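Peer 1: Sharing a model that was predicted from the sequence below.
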Amino acid sequence: MYAGWQLLYTFVLLPDGRLDTFLSYSGVSLAAGLLSVLGWAVESMGRFVGLPGSSGVEIQNGCNGLELIGLYCGFIIAYPGPKQKMLMFVCGGIGLLFIANVLRIAGFALWSYYLPNTWEVAHIYSSYVVFYPVVLPLWYLWTIVSEQPSLLSGVGPSSV
Amino acid sequence: MDNRQRTAQFAFWRRTILGLSLFSILYMGVIRPTQVDLVQNVLAPAVVKYSLKYNNINVSVAQDELFLVPLDFPKIRFDLPFGGFFLLPLTLFIISRKHQFILTMCVYHGILLILFPIVGVLIFKGSYVLATLTIVHEKFYKAIFIIIGLLALREYSNSILDRHK
């Protein structure tokens, strides 16, 4: 499943760009809306969002969480479990990752305004801070909710 | 769940959170800066110099990773083994005390350390099959070890409950 997803993403979705572009544009648009609602003056167009006077951020294809969404769904679908709950985890996880990405983009815009000198640090570590705390607990939760006996039982000795 | 089970579970989760916090500090403070330094000052200059012999592939250098960018093929990412995607599963294996998995992963990353330069050279020489395999493998092995780590964690958590029944 992972091999299939990676091939699909690399050779079809990324070159085609439409899904990536949709995620980038909608993410930026929602992040700009969020910042506006919270009271910041925002400049936004297409892939760009920023606060006036800052360099802002541009969300490129490949940097909008689509690849991670595929990886997330891959495990949920591959790990056996009740279909209805699986569907809930897939849809809910995609939704949460999308929201996390909107918050990440909004965070980037604020960061580039208030802490422009450390922008690179924020960019590098953002995925660890934003996406992993969503994906890893959801994966863990799925192994519990799926009600499967541990798939690792009997694989090698566990030394306690 | 009785009190003993609750206490054991609490201790387990405290250990998990502590382990993951240590992982974050170690990764951001030591592993990643070392990787960036190695890639920027050692690997990138060597690979860029080597790439000058070939006009079909460009080399793109990011902070801690290298991309081979063929003219007519998707770019191929290489990052150093024993990095964050080694450290995170390692942390999960240590927490869940799965020593055999630690050994397996060490061997796997050790093999990657040897294979990556060979694969890189073969891709420069035009092996698009290897390029495709590298693209597929790149995310695959990272996700798989993390997933095994999570499953090990879950199994360990269950074993605690069983032990304190």
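Peer 2: The structure has been received and is ready for your questions.
Peer 1: Residue 25: neighbour count?
Peer 2: No chain was given, so I picked chain A. 15 (other C-beta atoms under 10 Å in any protein chain shown). Backbone N, C-alpha and C define where each C-beta goes, glycine included.
Peer 1: wrong one, I was asking about chain B
Peer 2: B:Ile25: 10 neighbours (other C-beta under 10 Å).
Peer 1: Correct me if wrong, but it is in a helix.
Peer 2: Yes - B:Ile25 forms part of a helix when assessed by DSSP: H, G, I helix; E, B strand; the rest coil.
Peer 1: Name the residues of chain B found near chain A, please.
Peer 2: Counting by C-beta under 8 Å from any C-beta of the partner chain, chain B comes close to chain A at B:24, B:27-28, B:32, B:63, B:74, B:84, B:96-101, B:132, B:135-136, B:138-140, B:143-144, B:146-148, B:150-156, B:158-159.
Peer 1: from the residues you listed, which ones fall inside helices?
Peer 2: Among the residues of chain B next to chain A, the members falling in helices (DSSP state H) are B:24, B:32, B:84, B:99-101, B:132, B:135-136, B:138-140, B:143-144, B:146-148, B:150-156, B:158-159.
Peer 1: Put the buried members of the residues you listed into a PyMOL selection.
Peer 2: In PyMOL syntax, the buried subset of those is picked out as below (16 or more other C-beta atoms under 10 Å in any protein chain shown):
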select buried, chain B and resi 24+32+84+101+132+135+136+138+139+140+143+146+147+148+150+151+152+153+154+155+156+159
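Peer 1: In this structure B:Phe93 contacts B:Phe101, no?
Peer 2: Yes - B:Phe93 is within contact range of B:Phe101, at 4.7 Å (criterion: C-beta atoms under 8 Å).
Peer 1: Tell me the residues that contact both of the two, please.
Peer 2: B:Gly149, B:Ala152 (C-beta atoms under 8 Å, 6 or more residues apart in numbering or on different chains).
Peer 1: got the residue ranges for the strands in chain A?
Peer 2: Per DSSP state E, chain A carries strands over the ranges A:43-45, A:48-50, A:57-58.
Peer 1: quick one, which of these is nearest to chain B?
Peer 2: Across the strands of chain A, chain B has its closest neighbour in strand A:57-58 (16.4 Å, C-beta to the nearest C-beta).
Peer 1: Need the pLDDT of the residue in chain B that chain A sits nearest to.
Peer 2: Distances between chain B and chain A by C-beta to the nearest C-beta are smallest at B:Gln100, namely 3.8 Å. With respect to pLDDT, B:Gln100 scores 92.
Peer 1: Could you list the buried residues of stretch A:2-21?
Peer 2: Going through stretch A:2-21 with 16+ other C-beta under 10 Å, the ones that come out buried are A:Tyr2, A:Trp5, A:Gln6, A:Tyr9, A:Thr10, A:Leu13, A:Leu14, A:Leu19, A:Asp20, A:Thr21.
Peer 1: Now render these as a markdown table, adding pLDDT and distance to B:Leu38.
Peer 2: Formatted as a markdown table, the buried residues of stretch A:2-21 follow (pLDDT from 0 to 100; distance: C-beta to C-beta, whole Å):
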| residue | pLDDT | distance to B:Leu38 |
| --- | --- | --- |
| A:Tyr2 | 75 | 27 |
| A:Trp5 | 79 | 30 |
| A:Gln6 | 78 | 26 |
| A:Tyr9 | 82 | 28 |
| A:Thr10 | 81 | 26 |
| A:Leu13 | 82 | 32 |
| A:Leu14 | 80 | 28 |
| A:Leu19 | 87 | 35 |
| A:Asp20 | 87 | 31 |
| A:Thr21 | 90 | 35 |
